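In: next come a sequence and a model predicted from it.
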Amino acid sequence: MLGLRGSSATVLLMSVWLLLAMAIPALAGSQPNNPQNPAPPPKQAPPPAKPPSKPPAPPAKPAGQVPGQNHPAAAQHAPATTPGGPGKQGQPQTKQPPPKTDTQKQKEEQEKLRQQQEQAKQQEKQKELERQKQLEKQKELERQKELEKQKEEDRKRDEDRKRDTSTYRTEKGDTVTLGRNRKIQSIETKNGMRIEHGPRGQRTITSKTKQGALVVHQGHVQYVQGQKITLKGRDYVKRTYIADGKPSPRLYKVVSRDGHDYIVYAPTTLYSSRFLTWASGSWSRSVPWGADAWGWSGAPWISYYGFTTYAEYASPPLWLTDYVIASSLQAAYVDQTGLPFTLTECESGICGTWTWNGVQYDASWGNGAVGKLSVVRWDGNEIVITRQDPVGTSAGFSETYSGRLTSPTTFAGTATYSWPGHGGGGRQDWNASSPTPIQAVAADSPTPVASGNGQMTAGLSGGDALAISPDVKQAVADEVKAILHAEEKASEDAERENPTPPVDEVPPVLDPNRPTFIVATDMMVTADGQDCSLTQGDILTRKDALGANEMVNVKVSASKKSDCAVDSTVAVTVDDLQEMRNHFQEQLDRGEKELADKQGTGKMPKATDINTVASGLPRATADPDAATALKDQQTMADQAEAQVNAAPKGGQ
């Protein structure tokens, strides 16, 4: 029992000892004066610093330091530094932006693409400017080359003309020029008259009266032109035309340019601006027309020249284009046959007027009779004409006229007639006179022959087709529109009675935007050193500006097979070109009247206003001496030619 108590006491003592051993170190650490772990001696404060004698200089700011960067407030917002890392020690830590959305990325791509496109446009624009400069430079070089070429061509043309023609003077002092075929090409008399023979024998005469008036005879056209006059502040010349033996006065504007006077056609009346707006526009639907609607079906001239009208018209200018070209070809056909446009005919004391309509003669007499006359035969000397009176007081009357030229202006012969139900028939004398010389058919012209049935109309054997392309025909239509627009403006001025004064007016013949011309009178020219002809209806395109000696180079855009070749280049005088332009506008004025008469008929749309207005052109009176001057000119020209033909030709 005692022994057990001793063991328990021992165990108890050991447990106490272990607890003390664990607690003593902990207690020793919490006691500052523990001799086993004495506290370190306290640090002594440093002695106070002496105040400086002068304030210290501020430290130099590092390059690029922002003012206030070292301020304590700035330090509070300074970015944290990274003590280490792959870069420089102490580099500011950047805040990564949030990732971009798809919309932002798309907008950035679009902006980048736009900038690239804008840059490409600017680059292309710059390239285009450079190209334009190069083109202008090239054009200028080509123009200079063309001018040099033109001068060389003019020189060669003059040499060819001198080599291929022969000129001599007669005993009376007249100058005669012979062509290659040794035929008389021109005569210039000592008193200043000039006689020229066209390619088909047509004669053109120009002379001046003692008073200085110009006297001109060109085929069926004859007029006397007075000197320049000033009316209402601008210059004009007056021409007195003789047509059907009657005088017809007309004023032309004078447009002066570089010292040259251009005689420019000016209409006395104009259609209303509303009509001209309609006439220069387009129709809402195409209008079928054709030769039948024109009244040209079966006409000999249309088959002889191979002329084809538009089958339908999309606009009035196209309709007027066919009218203008056809009018030129009809006149050319009559000129080629040598038949006069008008004749005054008498039989048994009854007189009447015969007028050529492009197919046959329309005739009317003082007793009320009317008839249709067909030329069955005409060889330049003898003529046979048949007559049928379809209506009127002489309906059913028929007659055949046989005759010959008894003077340069007169036919005479015998006629046989019949009138069933009115006493049978008989014979009588007849004669017909022309206001202009009747031209004999040239030796190299096609021979006029009768048509198939011998009773309808005279025709020319063979054909002389006019080669005209759609592009050339469109060029004529463009000229028609240009004239209509000019007339529309003039009509507006006339309607408000406040005309716009001309400012540096350009003659139409020199307008670079209007290069198309239709030949009005026959002429001989030179192409590639060879003589060739231009006749009525041929179409020219101006190539160059006005050259030396008032000559202009033109391209033959459309011609008959017997004339200068298409695409050949010839030189014509600027005055000849202006006369072509005048004739074009005169024909167009007649076409406008025809259009006004036809509008609203058939399938042609109706115009809104076909009234006319005075153009403001001063009134003109006919020259009372014009007919006498033209008659005297004809007599002197006949005498001059007779004298030259009677004498030996020089140079033979």
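Out: Right, received. Where do you want to start?
In: specify the beta-bridge partners of T167.
Out: T177 (DSSP bridges).
In: how much space separates it from S186?
Out: T167 sits 9 Å away from S186, going by Cβ to Cβ, to the nearest Å. (C-beta placed from N, C-alpha, C; glycine too.)
In: same thing with L339?
Out: Here the criterion is Cβ to Cβ. By it, L339 lies 25 Å from S186.
In: picking up where we left off before, can you list residues touching both of T167 and S186?
Out: 176-177 (Cβ atoms under 8 Å, 6 or more residues apart in numbering).
In: name the residue in the two with the higher neighbour count.
Out: Neighbours per residue, other Cβ atoms under 10 Å: of T167 and S186, the larger number sits with S186, 17 against 14.
In: name the helix or strand for that one, please.
Out: Here S186, judged by DSSP states H and E, is contained in strand 184-188.
In: the closest residue in space to T393 that isn't next to it in sequence - how many residues pack around it?
Out: Residue nearest to T393 in three dimensions, not counting chain neighbours: G368, with 4.4 Å by Cβ to Cβ, 6 or more residues apart in numbering. Residues within reach of G368, counting by other Cβ under 10 Å, total 10.
In: tell me where the stretch 101-250 of the chain has helices.
Out: Ranges of helices within the stretch 101-250 of the chain are 102-164, based on DSSP state H, counting those that start in this stretch.
In: where does it have low pLDDT?
Out: The stretch 101-250 of the chain contains residues with pLDDT under 70 at 147, 150-151, 153-165, 180-181, 200-201, 219-220, 244-245.
In: can you give me the helices in the stretch 551-652 of the chain?
Out: Using DSSP H, counting those that start in this stretch, helices in the stretch 551-652 of the chain cover 574-598, 626-646.
In: of all these, which one is nearest V613?
Out: With Cβ to Cβ as the criterion, V613 lies closest to helix 574-598 of the helices of the stretch 551-652 of the chain, at 13.2 Å.
In: report all helices and strands that that closest one contacts.
Out: The contact analysis (3 or more Cβ pairs under 8 Å, 6 or more residues apart in numbering; DSSP states H and E) places helix 574-598 against strand 260-265, helix 273-279, helix 316-337, helix 470-495, strand 516-518, strand 539-542, strand 551-560.
In: quickly, which of those bottoms out on average pLDDT?
Out: The stretch with the lowest mean pLDDT among the helices and strands packed on helix 574-598 is helix 316-337, at a mean of 89.
In: can you give me the angle that helix makes with helix 470-495?
Out: 110 degrees (axes from the mean of the first three to the mean of the last three Cα atoms, to 10 degrees).
In: give me the beta-bridge partners of the residue lying closest to I468 once chain neighbours are set aside?
Out: Once flanking residues are discounted, I468 sits nearest to A558: 4.0 Å by Cβ to Cβ, 6+ apart. As for beta bridges, A558 partners with I539 under DSSP bridges.
In: okay but A558 is in contact with P470, surely?
Out: No. With contact defined as Cβ atoms under 8 Å, A558 does not reach P470; the gap is 10.9 Å.
In: out of those two, which sits in the more crowded spot?
Out: Ranked by neighbour count (other Cβ under 10 Å), A558 and P470 place A558 first, with 23 against 8.
In: for the more buried one, give its distance to I325.
Out: Taking Cβ to Cβ, one finds A558 at 9 Å from I325.
In: same check, this time on T355
Out: For T355, the distance to I325 - Cβ to Cβ - is 22 Å.
In: more neighbours, the two?
Out: A count of neighbours by other Cβ under 10 Å puts I325 above the other of T355 and I325, at 23 against 15.
In: name the helices or strands packed onto the lengthiest strand in the chain?
Out: If you go by DSSP state E, the chain has its longest strand at strand 246-257. When contacts are defined as 3+ Cβ pairs under 8 Å, 6+ apart, strand 246-257 packs onto strand 234-243, strand 260-265.
In: change it to 10 Å
Out: If contacts are counted by 3 or more Cβ pairs under 10 Å, 6 or more residues apart in numbering; DSSP states H and E, strand 246-257 sits against strand 221-225, strand 229-231, strand 234-243, strand 260-265, helix 574-598, helix 626-646.
In: looking at those, which is nearest to T101?
Out: helix 574-598 (70.4 Å).
In: overlap in contacts of A558 and I325?
Out: Counting by Cβ atoms under 10 Å, 6 or more residues apart in numbering, the common neighbours of A558 and I325 are 466, 468, 472-473, 476, 518, 537, 539.
In: from these, which is closest to T240?
Out: Using Cβ to Cβ, the shared contacts of A558 and I325 come closest to T240 at I518, 24.7 Å.
In: ok, back up a step: quick one: the residue nearest to I468 and I518 touch, right?
Out: Yes. At 9.0 Å, A558 counts as touching I518 under the criterion of Cβ atoms under 10 Å.
In: find the residues that touch each one of these two.
Out: If you check A558 and I518 against Cβ under 10 Å, 6+ apart, the residues they both contact are 325, 476, 537-540.
In: nearest to I350, of the residues you listed?
Out: Distance to I350, by Cβ to Cβ, is smallest for G537 among those, at 37.2 Å.
In: wasn't that closest one part of a helix?
Out: No. Using DSSP: H, G, I helix; E, B strand; the rest coil, the assignment for G537 is coil, not a helix.
In: ok, the residue lying closest to it once chain neighbours are set aside - contacts?
Out: Nearest residue to G537, sequence neighbours excluded (Cβ to Cβ, 6+ apart): S328, at 4.1 Å. Neighbour list for S328: 305, 466, 518-520, 535-539, 580, 583-584, 587 [criterion: Cβ under 10 Å, 6+ apart].
In: switch to 7 Å and redo it
Out: Contact analysis of S328 by Cβ atoms under 7 Å, 6 or more residues apart in numbering lists 518, 536-537.
In: neighbours of K127, how many?
Out: 10.
In: with V215 instead?
Out: 20.
In: quick one: it and L534, what's the gap?
Out: From V215 to L534 the distance is 24 Å (Cβ to Cβ).
In: thinking again about what came up before, state the distance from the residue nearest to I468 to T535.
Out: When distance is defined by Cβ to Cβ, A558 is 12 Å away from T535.
In: sorry, back to before: most neighbours among the contacts of S328, please name it.
Out: Greatest neighbour count in the contacts of S328, by other Cβ under 10 Å, goes to G537: 28 neighbours.
In: got a list of what the nearest residue to A596 once chain neighbours are set aside touches?
Out: Once flanking residues are discounted, A596 sits nearest to I610: 4.5 Å by Cβ to Cβ, 6+ apart. For I610, the contact set (Cβ under 7 Å, 6+ apart) comprises 271, 275, 596, 599.
In: next, format the helices and strands packed on helix 574-598 as CSV and append distance to V237.
Out: CSV is the format used below for the helices and strands packed on helix 574-598 (distance: least, Cβ to Cβ, whole Å):
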stretch, distance to V237
strand 260-265, 6
helix 273-279, 26
helix 316-337, 24
helix 470-495, 19
strand 516-518, 21
strand 539-542, 24
strand 551-560, 22
